[in-house]
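Whatever this is, show me its structure:
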Amino acid sequence: MVTAIRIERTGGPEVLDVADVEVGSPGPREVLIDVAAAGVNYIDTYQRSGIYQVPLPYTLGVEGAGRVIEVGSEVTELSVGDRVAWQDAPGGYAQRAVVPADMVVKLPEAVSEETAAAVMLQGITAHYLVSSTHPVSEGETVLVHAAAGGVGLLLTQLAKARGATVIGTVSTPEKERLAREAGADEVIRYTERDFVEATRAFTRGEGVDVVYDGVGASTYEGSLDCLRPRGLLALFGAASGPVPPIDPQRLNKGGSLFLTRPKTGDYTRTRQELEWRVGELFDALTEGKLDVRIGGRYPLTDARKAHEDLQGRRTTGKLLLLP
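A predicted model of the protein is given here:
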């Protein structure tokens, strides 16, 4: 038996229970991992609250890192003792997790388990947003909402590395400082200024080429208003709540705009694509070209507090649970 964080019903952070669970041995194409760190993500809150339906009871956590302690009979690419990380597979909020081998990557010596757990899901998200959803080009201008959050800080750095001008939105002076340190050219405190007016003023009325919006309900209308004709809104999350249905005519009136709602699984459909994205992230980390900010470390049993802090917007960077 191992300690895990499970939900028996959906709801607020109070439904997160500390439980003893039987993990079991890995199947033929699975590995058993001794979890050193598990990432806390907004998708966990969507699953916990019922926005995304999962089978109950359910152990949360879709990414983590640690050491392989057992391999399935058909696994040849991984060995006991390997330092590894994974994303897009459940069960991370636990001392041990059984994970499909196809989801697991080995860690370079220079990348710690904590850093890997902090960069897998959010790093891959940032990577596909700037390289595939809208391949950012030199000279473009992008708007990043929640620029001091886990994805926001990575997005800002990756967009800057591709030659873009980055506008970020934040809520506090401390978050503004972090966004500027990550490379943001302009930072808008949305608590003090209307981000649409500020964005239009900064771009001299032209608007931006792309908006990366993980906030959702409270920002999407303004995000559309920030775009230049034929600009793209990449709506990759809903931290403030789900976005209501959108009339396609709204995109027409805005200037033949594009709207997409991407998800990680569609950008890591093959092992080759997963390794490409992770490889570029790990190379950037190793070479000192990408900084991952871990904004909070919590004992596994404090998962409720981590969720409360994340949804209360009291955090910056990435939150980790440490079993």
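
hang on, residue 47 in a strand?
No. Membership of residue 47 in a strand is not supported by DSSP: H, G, I helix; E, B strand; the rest coil, which gives helix.

Leaving out sequence neighbours, find the closest residue to it.
Excluding the flanking residues, the one nearest residue 47 by CB to CB, 6 or more residues apart in numbering is residue 54, at 4.9 Å. Yep, even glycine has a C-beta here, placed from its N, CA and C like the rest.

and that neighbour, how many residues sit next to it?
15 (other CB atoms under 10 Å).

could you measure it against residue 46, distance?
Distance from residue 54 to residue 46, counting by CB to CB, to the nearest Å: 9 Å.

and if you look at residue 52?
4 Å.

got the contact list for the spatially most central residue of the chain?
When CA atoms, centre = their mean is applied to the chain, the residue found nearest the centroid is residue 122 (2.8 Å). Neighbouring residues of residue 122 by CB atoms under 8 Å, 6 or more residues apart in numbering: 39, 41, 150-151, 154, 318.

The same query, at a cut-off of 10 Å, please.
By CB atoms under 10 Å, 6 or more residues apart in numbering, the residues touching residue 122 are 39, 41-42, 63, 87, 149-155, 214, 264, 281, 292, 317-318.

Out of those residues, which sit inside strands?
39, 63, 87, 318 (DSSP state E).

For residue 85, give me phi and psi.
For residue 85, the backbone dihedrals (degrees, to the nearest 10) come out as phi -140, psi 160.

Tell me what it is bridged to.
residue 65, residue 105 (DSSP bridges).

Roughly how far does it sit from residue 116?
Taken as CB to CB, the span from residue 85 to residue 116 is 4 Å.

Need the residues touching each of these two.
36-37, 39, 63-66, 105-107, 278, 282.

Nearest to residue 12 among those residues?
For these, the minimum distance to residue 12 (CB to CB) is 20.4 Å, reached by residue 39.

dump the residue contacts of the nearest residue to residue 92 once chain neighbours are set aside.
If the residues on either side of it in the chain are set aside, residue 92 comes closest to residue 61, at 2.7 Å by CB to CB, 6+ apart. Counting by CB under 10 Å, 6+ apart, residue 61 touches 4-5, 35, 38-41, 43-44, 47, 89-94, 97, 117, 300, 303, 321.

what about residue 233, distance to residue 225?
In terms of CB to CB, residue 233 sits 10 Å off from residue 225.

hey, what's in contact with both of these two?
211, 254, 257.

Just the ones in helices from these, please.
Secondary structure from DSSP state H places none of the shared contacts of residue 233 and residue 225 in helices.

For the residues you listed, could you give me CSV that also reports distance to residue 159?
Shown next, in CSV, are the shared contacts of residue 233 and residue 225 (distance: CB to CB, whole Å):
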residue, distance to residue 159
211, 12
254, 22
257, 19
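
okay if I get those residues as TSV plus distance to residue 140, pLDDT and neighbour count?
Converted to TSV, those look like this (distance: CB to CB, whole Å; pLDDT from 0 to 100; neighbours: other CB atoms under 10 Å):
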residue	distance to residue 140	pLDDT	neighbour count
211	12	98	28
254	18	97	20
257	16	98	22
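
How far off centre is stretch 138-158?
Averaging C-alpha positions (CA atoms, centre = their mean, to the nearest Å) puts stretch 138-158 12 Å from its chain's average.

With stretch 84-93 instead?
With CA atoms, centre = their mean, you get 13 Å for stretch 84-93.

measure it end to end?
16 Å (CA to CA, to the nearest Å).

That one - what's its average pLDDT?
Mean per-residue pLDDT for stretch 84-93: 96.
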